[in-house]
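Student: got a predicted structure here, sequence first:
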Amino acid sequence: MASLSGLCSSSPSLKPKHDRVAKLTPSFRKDSPAFSTRSNSNSNSNSKLSVAREVSADLSKTNSVGVLKKAKQGGLEKDPKALWRRYVDWLYQHKELGLYLDVSRVGFSDEFVEEMEPRFQAAFKAMEELEKGAIANPDEGRMVGHYWLRNSKLAPNSFLQIQIEKTLDAVCKFAGDVISGKIKPPSSPEGRFTQILSVGIGGSALGPQLVAEALAPDNPPLKIRFIDNTDPGGIDHQIAQLGPELASTLVIVISKSGGTPETRNGLLEVQKAFREAGLDFSKQVLISGRCYNTRKFFVGQHSED
Ligand SMILES: O=P(O)(O)OC[C@H]1O[C@](O)(CO)[C@@H](O)[C@@H]1O
């Protein structure tokens, strides 16, 4: 994961000679202890970091102190050399991701960075605790495992790692079978699923919405729509928009807890629409997460998980 500790340029040969920022805020540099700590959990992170390009200009006369003073006064630095120095100091590149982050034009001073450092250190520590499995959602008594889902090797124990890997494999296989038509609706003229209706709220809707917006191709094999609240008009609208394609709609009900009333309402409303259309809901619905004691609702295969 990219962290603020990686914001600075990391190629030693490109570091400014009078590295004032480095002196003032050692732990924000990539070669600092804080950076090393975080990069240890992501092997070879250091080798993936570098500034964007070679810096050949003579920077000896530039004055990043002046830039910082101006920034502190709230004025915007205009001197091109000073701005170049600041750019070189603060440009971050993550080669593997193709990510550049240029914060050099943000008017913060090194005093500000120094002042903020304890808070950053606290945040990094908290993030490390999360990665190790600290309970971060006390209401639900949950660990926060987003890190592990992206990289199962970060999971705090091998049981969780295997669970994640098995689940991801199963999800990919299921998606492939739906797309290929191996798993199909019982009575659709197309002979395959063409639409997904996702039912879930909050975190159980935002993730799929993000993926659908950010990662789906222009013409995905299945279109997706969402019921993410309990507004009856909105639910009716989604169902009406599907029209006859309800017969080729895969309904995915998502709930971490399996106990969210709004999600259950959506499920019941959609179930009713299927019934009224003479369709077998149980052959077209998949429930992700603990499921409202309705294990019969599974597409393709029965699951007890
Ligand atoms: O995924 P579940 O268990 O249905 O819970 C949904 C609820 O949980 C949250 O996603 C928070 O974790 C809320 O936004 C939402 O109301």
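Tutor: That came in fine, so what should we check first? Residues are numbered from 1 along each chain as shown.
Student: which ones are touching the residue of the chain found nearest the ligand?
Tutor: Proximity of the chain to the ligand (CB to the nearest ligand atom) peaks at G202, 1.9 Å away. Every C-beta, even on glycine, is put in place using the N, C-alpha and C of the backbone. Residues counted as contacts of G202 (CB atoms under 8 Å, 6 or more residues apart in numbering) are 228, 260.
Student: ramachandran coordinates for V253?
Tutor: Backbone geometry at V253, expressed as degrees, to the nearest 10, gives phi -100, psi 120.
Student: make that E276, sorry
Tutor: Here is the backbone geometry of E276 (degrees, to the nearest 10): phi -70, psi -30.
Student: could you report the distance from it to D236?
Tutor: Distance, E276 to D236, by CB to CB, to the nearest Å: 12 Å.
Student: same question, I196
Tutor: Taking CB to CB as the measure, I196 falls 18 Å from D236.
Student: which one's more surrounded, the two?
Tutor: A count of neighbours by other CB atoms under 10 Å puts I196 above the other of I196 and D236, at 19 against 12.
Student: quick one: strands adjacent to the helix or strand hosting that one?
Tutor: Secondary structure assigned from DSSP states H and E places I196 in strand 195-199. Sheet pairing here is set by DSSP bridges, and for strand 195-199 it gives strand 223-227 (parallel), strand 249-254 (parallel).
Student: out of the ones you listed, which gets nearest to E131?
Tutor: strand 249-254 (24.3 Å; CB to CB).
Student: got the strands paired with strand 195-199 as TSV, with mean pLDDT and distance to the ligand columns?
Tutor: Formatted as TSV, the strands paired with strand 195-199 follow (pLDDT from 0 to 100; distance: least, CB to the nearest ligand atom, whole Å):
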stretch	mean pLDDT	distance to the ligand
strand 223-227	97	12
strand 249-254	95	7
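Student: most packed of the ones you listed?
Tutor: When these are scored by mean count of other CB atoms under 10 Å, the highest mean neighbour count falls to strand 249-254 (a mean of 23).
Student: export that one as CSV, just CAs?
Tutor: Taking C-alpha atoms only, strand 249-254 is exported to CSV below (Å, rounded to 0.1, in the frame of the first residue of the first chain):
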residue,chain,number,x,y,z
THR,A,249,-31.5,-11.6,-14.3
LEU,A,250,-29.1,-12.9,-11.7
VAL,A,251,-30.0,-11.5,-8.3
ILE,A,252,-27.1,-11.1,-5.9
VAL,A,253,-28.1,-10.4,-2.3
ILE,A,254,-25.1,-9.1,-0.3
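Student: name the surrounding residues that touch it.
Tutor: By CB under 8 Å, 6+ apart, strand 249-254 touches 178, 185, 193-200, 204-205, 208, 222, 242, 263, 266-267, 270, 274, 281, 284-289, 291, 297, 299.
Student: out of those residues, which are inside strands?
Tutor: Members of these lying in strands (criterion: DSSP state E): 195-199, 285-288.
Student: tell me the residues of the chain that contact the ligand?
Tutor: For the chain, the residues found near the ligand under the criterion CB under 6 Å from any ligand atom are 201-204, 255-257, 260, 263.
Student: contact partners of stretch 130-143?
Tutor: Contacting residues not belonging to stretch 130-143 are listed as 41, 126, 144-145, 147-148, 154, 156-157, 160, 256-257 [CB under 8 Å, 6+ apart].
Student: residue ranges with poor pLDDT in the stretch 1-150 of the chain?
Tutor: In the predicted model of the stretch 1-150 of the chain, residues 1-76 satisfy pLDDT under 70.
Student: pretty sure E77 sits in a strand.
Tutor: No - applying DSSP: H, G, I helix; E, B strand; the rest coil, one finds E77 to be coil, outside a strand.
Student: give me the number of residues near it?
Tutor: 20.
Student: just checking, it touches R86?
Tutor: Yes - the criterion here is CB atoms under 8 Å, and E77 meets it with R86 at 7.1 Å.
Student: quick check on the residues of the chain next to the ligand: which are buried?
Tutor: 201, 204, 255-256, 260, 263 (16 or more other CB atoms under 10 Å).
Student: save those as a markdown table, and put in pLDDT and distance to F120 too.
Tutor: Formatted as a markdown table, those follow (pLDDT from 0 to 100; distance: CB to CB, whole Å):
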| residue | pLDDT | distance to F120 |
| --- | --- | --- |
| I201 | 95 | 33 |
| S204 | 93 | 31 |
| S255 | 90 | 35 |
| K256 | 82 | 30 |
| T260 | 89 | 35 |
| T263 | 93 | 37 |
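Student: next, the contact list for G191, please.
Tutor: Residues near G191 by CB under 8 Å, 6+ apart: 181, 184.
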